[in-house]
Each structure stands twice: as C-alpha cells, then as structure tokens.
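> coords please:
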Amino acid sequence: MKKLAIFGDSFAELFSAPGVDIMQMIGPGKDTSQVDNRKKFRDSYLREMPTWYRLLGQDLEYDTVHTFGRGGTDITWSYLQFLKYHQEYDTIIFVATHAMRHTHIQDRHENSPGEHGPGSFYDSKFQRTNFMQGIPLNCASIEQCEQWLARYKREQPQNFEVQNLLKTYILYHTHVYNNYPYRDKLIWASLCQQMINIRPDIKMINAFKFGFDDHNINIPKGKLQELYEAENMIMKGDKFMATGLTKSDARIGHLTTDTHHILNRLMKPWLNSNDTWFDFDLETVVKEIENFRIDEKRYDSSEHKDLLDWAKYCNIHWGHDFSVLPLKENKV
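Residues are numbered from 1 along each chain as shown. Okay, here's the model as predicted:
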C-alpha cells in the first residue's frame, strides 16, 4: 500500500470557498438524505477540480492520498500534524506557509456544516478520518484579524479573550513583523530544517516569495504565491487589487486546474530526484498558463447569477433530488 501525505496551508487545501458555500445549501430530497446529496456534490466537485497532489497520487499509483492542508494555518500547526502522522506514509510533501502567521493550536472557531461532519469535504477519501476537528484560530494577517474581530464583536460580544487576542495580533503585524521579521523567519526556517532532519526523504515546497540563508539553513524563494498572482493578473489585470476574488474564488489551492496539471508534470521527476526543495522556471510556467486562456467563469463564481449556476457551468452534479437551504453569509 503506497501512501502519500501532503502537509501545509491553503495551497494544499481540498476545496474552495464556493464549494463550501454550495455544500451548506444542499439539503435532503424526497428520496435522498442530505448527507447522500452532499456526498454526490463533493465527489463530483473533486473530480471536476483536480489538484496537483491528487493528480500525483493518480499518476504515480498511490493507494492513499491524504492532504492535511488547512488555509491560514502557520508553520507550527502543520509541523505538529507532520510529527503526529508522517510515519504512516511512504512519501511526504510539506508546503511551508508564510513565516508571519500564528495559529493557536488548541483553540477553535465554531464548525461550518459544509466543512465538517458526514458528507463534508473533510469526510472524504483524501482526508485522514477525524483529522480535522473545528477551525483553527489563525492570526495570519492584519486583514484576517480585523475580519475575525468584527465577527466576534457581532456574534460573541462578551468573548473578550479572543477579541483582545485579535487586537494584539493586529498590533503585532503592524509594528513587529513588518519592522522586525527575523525572529519569525528564523523559527520558520528552523522548523523546516528540523523536519528534514527527522525525515531526510521529505519533499519541501516553499509557498511564498521569500527564502532563508543563514545559520547553515538554505531555503530557496517560493513560487506558488507568484503563480497565484500571475493568474490573478491574467484573469483580472489591474482590476484584481480593487475587487479581489476571495469568497468567489473557485480555484482550489489558489490555482487553476491547468496550473495544477503543470505542477503535477513538474513534480513527478522532482519526487524521484535527490532535491529536497521544489523549484521550477517561473517565467516559462507563466507563459504556459497565458497560452491556456483562463476561463474566468470557471474560477470566479461572481460571474454567474448564483452558485448553483456556477456549479452547472463547471459540470458539477449533486443529483436531481435535493432541497436548497438558506445560505448563511460568513464575513470571514
């Protein structure tokens, strides 16, 4: 039994925001349960929206492919998942997130019904059973902390502990990391090196466009973020910074299906090499992406009248018998 595990942040996620939102909308039918309808949608969605790691598992004939990726989490959160589970797998790929992120490991937000429980995205063959229990409390950026703070003030006005924590991290990101980033970067790089020491055959991907070269630790600059930014410019141009995609961004792991196929192609020889860190010619890949002519309607759900229309356009099915539940709009 060949087993592949992926650890990391949203670049190793299993779904996108529009997928979660539709999952929350799908209810029971006359002859079908809500769980069965959600499973049909989930499985169709994952077939139509492949990712580089699922393609790797398919092409290299892995019996099991599990991703432990969770958006917004920091390096310590993924490091702890690695320590807990890596011995169960033959091949490990670790996607190293941004050094500035802080995740509070034992603290959780409320569960989203579209993400957790029977028939959810985390209840699939690409996730280890019972791996994800709740949403980690992440402090990844000023913007994210401000969004969560606004939500807690609105929904849990008496929860001053979390509100004060988020306020503190807004100050931290404003005054500490932006001016004194070295400590966070050193911790980030040291954890990456520690995993290489523990598991010499590990394969590492730096997701963000900074590297580290100090104390005999050499980590090349990451390029996944730059692929994401290149796709943004191809799809939206200068309009992207003004509008963003966020909740309407249907790209799993921030990348289009064509780019996932490119990464799969580039990663196969890398997995068989002695190179620990993944690298590629960014300019060549971006030119290849430009030649694909990205279909905006596939990757931006706001181009459609509603989410169900977007899913139909993408050939994602959920069965003929289901009810539509009211969608709770989350601000985060």
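
> low-confidence ranges in the stretch 201-332 of the chain?
Applying pLDDT under 70 to the stretch 201-332 of the chain flags residues 238-245, 326-332.

> now the helices for it?
Assigned by DSSP state H, counting those that start in this stretch, the stretch 201-332 of the chain shows helices spanning 224-236, 239-243, 257-271, 282-292, 296-299, 307-313.

> Export the shortest one to CSV, keeping only CA atoms.
This points to helix 296-299. Once non-C-alpha atoms are left out, helix 296-299 reads as follows in CSV (Å, rounded to 0.1, in the frame of the first residue of the first chain):
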residue,chain,number,x,y,z
GLU,A,296,-12.9,33.3,-15.7
LYS,A,297,-16.4,31.9,-15.5
ARG,A,298,-15.0,28.6,-14.2
TYR,A,299,-12.9,30.2,-11.4
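
> switch to numbering from 46
New numbering, starting at 46: the last item is helix 341-344.

> tell me which residues in that helix are buried?
Residues of helix 341-344 classed as buried: 343-344 (neighbour count, 16 or more other Cβ atoms under 10 Å). (Glycine included, C-beta is placed from N, CA and C.)

> Show me what that helix is packed up against.
In terms of contacts (3 or more Cβ pairs under 8 Å, 6 or more residues apart in numbering; DSSP states H and E), helix 341-344 is packed against helix 269-281, helix 352-358.

> quick check: longest helix of this protein.
When the chain is parsed with DSSP state H, its longest helix is helix 227-243.

> I'd like to know which elements it is packed against.
helix 120-130, strand 136-141, strand 248-251, strand 257-259, strand 262-264.

> Kindly reformat those as a markdown table containing mean neighbour count and distance to L311.
Putting these into a markdown table (neighbours: other Cβ atoms under 10 Å; distance: least, Cβ to Cβ, whole Å) gives the following:
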| stretch | mean neighbour count | distance to L311 |
| --- | --- | --- |
| helix 120-130 | 19 | 22 |
| strand 136-141 | 24 | 13 |
| strand 248-251 | 22 | 11 |
| strand 257-259 | 14 | 23 |
| strand 262-264 | 16 | 19 |
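
> of these, which approaches L91 most closely?
Comparing these against L91 with Cβ to Cβ, the closest turns out to be strand 136-141 (18.4 Å).

> on that earlier part again, would you convert the helices and strands packed on helix 341-344 into a markdown table that also reports mean neighbour count and distance to F52?
As requested, those are exported to a markdown table (neighbours: other Cβ under 10 Å; distance: least, Cβ to Cβ, whole Å):
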| stretch | mean neighbour count | distance to F52 |
| --- | --- | --- |
| helix 269-281 | 19 | 14 |
| helix 352-358 | 17 | 29 |
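
> Ramachandran coordinates for the residue nearest the centre of the chain?
Closest residue to the average C-alpha location of the chain: S55 at 1.7 Å, with Cα atoms, centre = their mean. Backbone torsions for S55, taken as degrees, to the nearest 10, come to phi -70, psi -20.

> Excluding covalently adjacent residues, which one is nearest to it?
Nearest non-adjacent residue to S55, counting by Cβ to Cβ, 6 or more residues apart in numbering: G116, 3.3 Å away.

> Quick check: pLDDT value at that neighbour.
According to the prediction, G116 has pLDDT 87.

> That one belongs to a strand?
No: G116 is assigned coil when assessed by DSSP: H, G, I helix; E, B strand; the rest coil, not a strand.
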